[in-house]
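*Asks:* Any chance you can model this:
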Amino acid sequence: MTVDGSSIDSSKPSIARVYDYLLGGKDNYAVDREIGDVFKRDLPGSVAIAFANRAALTRAVEEIVTTTAVRQFIDLGSGLPTADNVHQVAQRHAPESRVVYVDTDPQVLVHGRALLEENERTRVVPVDVRNPEAIRTHPDTLELIDFDRPVAVMFSAILHHVNDEEDPAGIVRYWRDQVPSGSYFFVSHFRSGNNPETAEAEKVLQQTFGRGRWRTDEEIESLLDGLEILEPGIVPAPLWRPGTVEGPWSGTGERELTVWERLIAAGLARKA
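*Replies:* The predicted structure is shown next:
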């Protein structure tokens, strides 16, 4: 989530571009790679965290589209495109799936415009995640999403960039109240580990971007208040239904997770 700025500024690091760099992408600048290298050097599991998060998102989209009738997705704080984006996963199984991406990072919007040229069932809405009403009423959202039918709302690695005083639970609650029964909510979130790695990662993020809030599993669960949290609950992302997706984003096998892989949690909830 980029808070300010309407054009690409290659002199300041971007959360979306640093994440892209950790995933091995090319849409980043020297300033982003510098911050990414700090994570790689001081937090050597940062790449594992990024991949674990992306894998859980991919599995969640596939789970929803292959086991339910939901065919419309809102991806909040979507970030830069990488392998197996939400629309690619969903449309692979159900070509009629529609996806609204939401992000304010200028470079994400550049990619979004290119995406629109090749996929008529996607839109990119340039509104801050903290302004859900503006997202909900945006013409592109209304064009693609039918709020009388179930929707999958994806909060992939975004709510930990929303500080407590900005009411992340209220953001989730807004969307909960806007969608009908049978809708799904996916959340992945940095989790407090009560260890030096957690403290250092939170410190680096806050010093770099001026925001970032690690939360306990209980705090993450409370963000989904009023929703039915599905099995296996809020768990480290690699343990969220592993092995259900083939390819580079598949989950962990039987091996023991590293401390780094435990720093990102994931969960899926349903509105009854």
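
*Asks:* where does Leu144 land on pLDDT?
*Replies:* pLDDT, Leu144: 97.

*Asks:* right, and it touches Arg98 too?
*Replies:* Yes. Contact criterion C-beta atoms under 8 Å: Leu144 and Arg98 qualify, at 4.8 Å. C-beta here means a position set from N, CA and C on the backbone, and glycine is covered the same way.

*Asks:* any residues in contact with both of those two?
*Replies:* Listed as contacting both Leu144 and Arg98 by C-beta atoms under 8 Å, 6 or more residues apart in numbering are 72, 121-122.

*Asks:* Need those residues in TSV (columns: neighbour count).
*Replies:* Output for those, formatted as TSV (neighbours: other C-beta atoms under 10 Å):
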residue	neighbour count
Gln72	22
Arg121	16
Thr122	24
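
*Asks:* quick one: which of those is nearest Ile135?
*Replies:* For those, the residue nearest Ile135 by C-beta to C-beta is Gln72; the value is 13.9 Å.

*Asks:* what's the residue nearest to the closest one when sequence neighbours are not counted in contact with, if anything?
*Replies:* Leaving out its chain neighbours, the residue that sits closest to Gln72 by C-beta to C-beta, 6 or more residues apart in numbering is Arg98, at 4.7 Å. By C-beta under 8 Å, 6+ apart, the contact list for Arg98 reads 71-73, 121-122, 144-145.

*Asks:* Need the max-distance pair from the residues you listed.
*Replies:* For those, the maximum inter-member distance is 12.9 Å, found between Arg71 and Thr122 (C-beta to C-beta).

*Asks:* any chance you could map the helices in the stretch 101-250 of the chain?
*Replies:* Here the stretch 101-250 of the chain has its helices, by DSSP state H, counting those that start in this stretch, at 106-118, 132-136, 139-144, 168-178, 196-209, 217-223.

*Asks:* Relative to Val38, which of the ones you listed is closest?
*Replies:* Ranking the helices of the stretch 101-250 of the chain by proximity to Val38 (C-beta to C-beta) places helix 196-209 first, at 6.2 Å.
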